[in-house]
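**Student:** just coords:
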């Protein structure tokens, strides 16, 4: 591929309107967003059931708590691995090569899960392979899409909206993989996810040179040539040693699932906190910039707990959908995995409503901190809402799907109010020397939230679910209420202007 790229030229994207008024390269990036969503949503939606279903019924036989923790830890590690992937793409591989390597490895990871009788060992290997895929590419797909537009191109937001829509269309995958798992077995569901991921890869290989030319073929911030091979070798050796150690520890039974998940989850909490502390105390950070990071800490804490509540939907509440919800709709039987499609539909609806509302209000719209405070309260309310069905109905009663759907309604409304302002606030409050790294820290909030969710599972016991959700929802709602109460004070700090004489911190 590298030899071919030397003869490539940069297309005229500014005048290219061959795909819905956008550069034709947007066809490839949108289709890949669709196929990636199909693969990711399709795999994760049935994975938890595969983990705790008995071996005799085609599963792996983990306990329900172990299954919930393993899925949360995978989500946490995948987020951290994605950040490493961005570094690898920027410094070593370049966006295009990074995508080729990453999507190829990811396809293999899904297909490994499709192998019958692979057992726990093959499951572990597949998860490590998927993490390597994330480490190889990060968010390269969206970075490549961004290169299709100049800085003043007014089509940019519309282009990313197309990718957002395609990503949410891919959220129908749980309905399909769930049905395949029910009709045949889990391996067939994973096979479907792998095939769809592979289709996106094939489309990319066939169209990339023609539609993107030489764009993204080289790293944006290449590592020094004399150190590149050495750094890549060190990175590879580290991965082999780390993942090899994990496989040996699990294979020999030296480390239990619970201990491993608790260690990883705890680390996921302290990494962003240490990152923020380094930024705040850096000599490159001025006093005013350091002061403005305190509101960021509050917002970050809210975001972490919001994500903790969200990850209940793919773990504990996924189990609830399987065992406590009436899945019979007349002559049709729903699959528990199909509930994972609901939030994607709501995200499109609520996101559009909120976007219209803020545009309509203009300068009268609420402040960033107020939006985030109210949104966090909705996240907390979604968990608190689940206390009701857990209290009203005993474990042997199948409840209406509307209880779970209402959880998603409250949860996704909170997301609609907080998600769009999160990254913009991170860049707004970032010290001048740390803009990109502050975005990285904000991304780590998702990893921390998954880690918190994994740790919370330690306190989950059947029969005491109401108390479990009351604590999770109560803490999250209180964080949101506190931000709501003090939002004016926080907003004032955020809007503090840099004094001309303000120097960087001493020491």
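**Tutor:** Arrived safely. Note that the coordinates shown come from a computational prediction; the quantities given were computed from them, not determined experimentally. Numbering: from 1, shown residues only.

**Student:** Off-centre distance for stretch 433-450?
**Tutor:** 12 Å (CA atoms, centre = their mean, to the nearest Å).

**Student:** contact partners of that stretch?
**Tutor:** 72-73, 75-77, 79-80, 82-83, 86, 265, 268-269, 271-272, 275-276, 279, 282, 284-285, 296, 300, 303-308, 310-311, 422-423, 426-427, 429-431 (CB atoms under 8 Å, 6 or more residues apart in numbering). Where C-beta positions appear, they are placed from N, C-alpha and C, glycine not excepted.

**Student:** So residue 460 sits against residue 69, correct?
**Tutor:** No - between residue 460 and residue 69 there is no contact, the gap being 9.6 Å when judged by CB atoms under 8 Å.

**Student:** same question for the strand or helix carrying residue 97, mean pLDDT?
**Tutor:** Counting by DSSP states H and E, the element that carries residue 97 is helix 95-113. Mean pLDDT, helix 95-113: 93.

**Student:** what does stretch 363-371 give?
**Tutor:** Rounded mean pLDDT across stretch 363-371 is 86.

**Student:** Contacts only, for residue 79.
**Tutor:** Here residue 79 is in contact with 443-444, 446-447, 450 (criterion: CB under 8 Å, 6+ apart).

**Student:** Of those residues, just say which sits nearest to residue 16.
**Tutor:** residue 443 (30.6 Å; CB to CB).

**Student:** Remind me which helix or strand the closest one belongs to.
**Tutor:** Assigned by DSSP H and E, residue 443 falls in helix 435-456.

**Student:** Following that helix in sequence, what is the next regular element?
**Tutor:** helix 465-485.

**Student:** ok so, going back, have a look at residue 460 and residue 69 and say which one is more surrounded.
**Tutor:** Neighbour totals were compared for residue 460 and residue 69, and residue 69 leads with 28 against 20 (other CB atoms under 10 Å).

**Student:** Can you name the next helix or strand after the helix holding residue 97?
**Tutor:** Downstream of helix 95-113 (by DSSP H and E), the next one is helix 119-137.

**Student:** Give me the contacts around that next one.
**Tutor:** 51, 60, 62, 74, 77-78, 81-82, 84-85, 88-89, 93, 98-99, 101-103, 105-106, 108-110, 112-113, 115, 118, 239, 243, 246-247, 250-251.

**Student:** now stretch 141-152
**Tutor:** 13-14, 22-23, 25-26, 29, 32-33, 36, 86, 89, 95-96, 99, 155-156, 159-160, 163, 212, 215-216.

**Student:** Give me the buried subset of those residues.
**Tutor:** 13, 22-23, 25-26, 29, 32-33, 36, 86, 89, 95-96, 99, 155-156, 159-160, 163, 212, 215-216 (16 or more other CB atoms under 10 Å).

**Student:** Now do stretch 218-231: distance from first to last residue.
**Tutor:** Using CA to CA, to the nearest Å, the end-to-end distance of stretch 218-231 comes out at 17 Å.

**Student:** And the contacts of that stretch?
**Tutor:** 89-95.

**Student:** can you rerun that using 6 Å?
**Tutor:** Residues outside stretch 218-231 that contact it (CB atoms under 6 Å, 6 or more residues apart in numbering) are 90-91, 94.

**Student:** any idea which helix or strand comes after the helix or strand containing residue 29?
**Tutor:** Secondary structure from DSSP H and E places residue 29 in helix 25-52. Downstream of helix 25-52, the first helix or strand assigned by DSSP H and E is helix 64-88.

**Student:** For that next one, buried residues please.
**Tutor:** Residues 64-86, 88 are the ones in helix 64-88 that count as buried (16+ other CB under 10 Å).

**Student:** Over to stretch 244-252?
**Tutor:** For stretch 244-252, using 16+ other CB under 10 Å, the buried residues are 246, 250.

**Student:** got a list of contacts for it?
**Tutor:** Counting by CB under 6 Å, 6+ apart, 124, 255 sit against stretch 244-252.

**Student:** repeat that with 10 Å
**Tutor:** Residues outside stretch 244-252 that contact it (CB atoms under 10 Å, 6 or more residues apart in numbering): 120-121, 124-125, 127-128, 254-257, 259-260, 264.

**Student:** Can you tell me which of these are buried?
**Tutor:** By 16+ other CB under 10 Å, the contacts of stretch 244-252 give 124-125, 127-128, 257, 260, 264 as buried.

**Student:** any idea how far residue 142 is from residue 371?
**Tutor:** Using CB to CB, to the nearest Å, one gets 24 Å for the distance from residue 142 to residue 371.

**Student:** These two: which has the busier surroundings?
**Tutor:** Shown here are residue 142 and residue 371; by other CB under 10 Å, residue 371 has more neighbours (22 against 13).

**Student:** Assign a three-state SS to that one, would you?
**Tutor:** Judged by DSSP: H, G, I helix; E, B strand; the rest coil, the three-state class of residue 371 is helix.

**Student:** Hmm, residue 487 and it touching each other?
**Tutor:** Yes - proximity of residue 371 to residue 487 meets the contact threshold set by CB atoms under 10 Å, at 8.8 Å.

**Student:** According to the record, where do the domains of the chain fall?
**Tutor:** Following automatic domain parsing, one gets these domains for the chain: 1-12+23-222, 225-255, 267-499.

**Student:** per-residue pLDDT, residue 490?
**Tutor:** 81.

**Student:** Could you tell me how many residues sit around it?
**Tutor:** So residue 490, with other CB under 10 Å, has 24 neighbours.

**Student:** Tell me if I'm right that it and residue 372 touch.
**Tutor:** Yes - using CB under 10 Å, residue 490 makes contact with residue 372 at a distance of 9.2 Å.

**Student:** Point out where the stretch 101-250 of the chain drops to low pLDDT.
**Tutor:** 157 (pLDDT under 70).

**Student:** ranges for the helices of it?
**Tutor:** 119-137, 140-146, 156-169, 173-183, 186-212, 225-252 (DSSP state H, counting those that start in this stretch).
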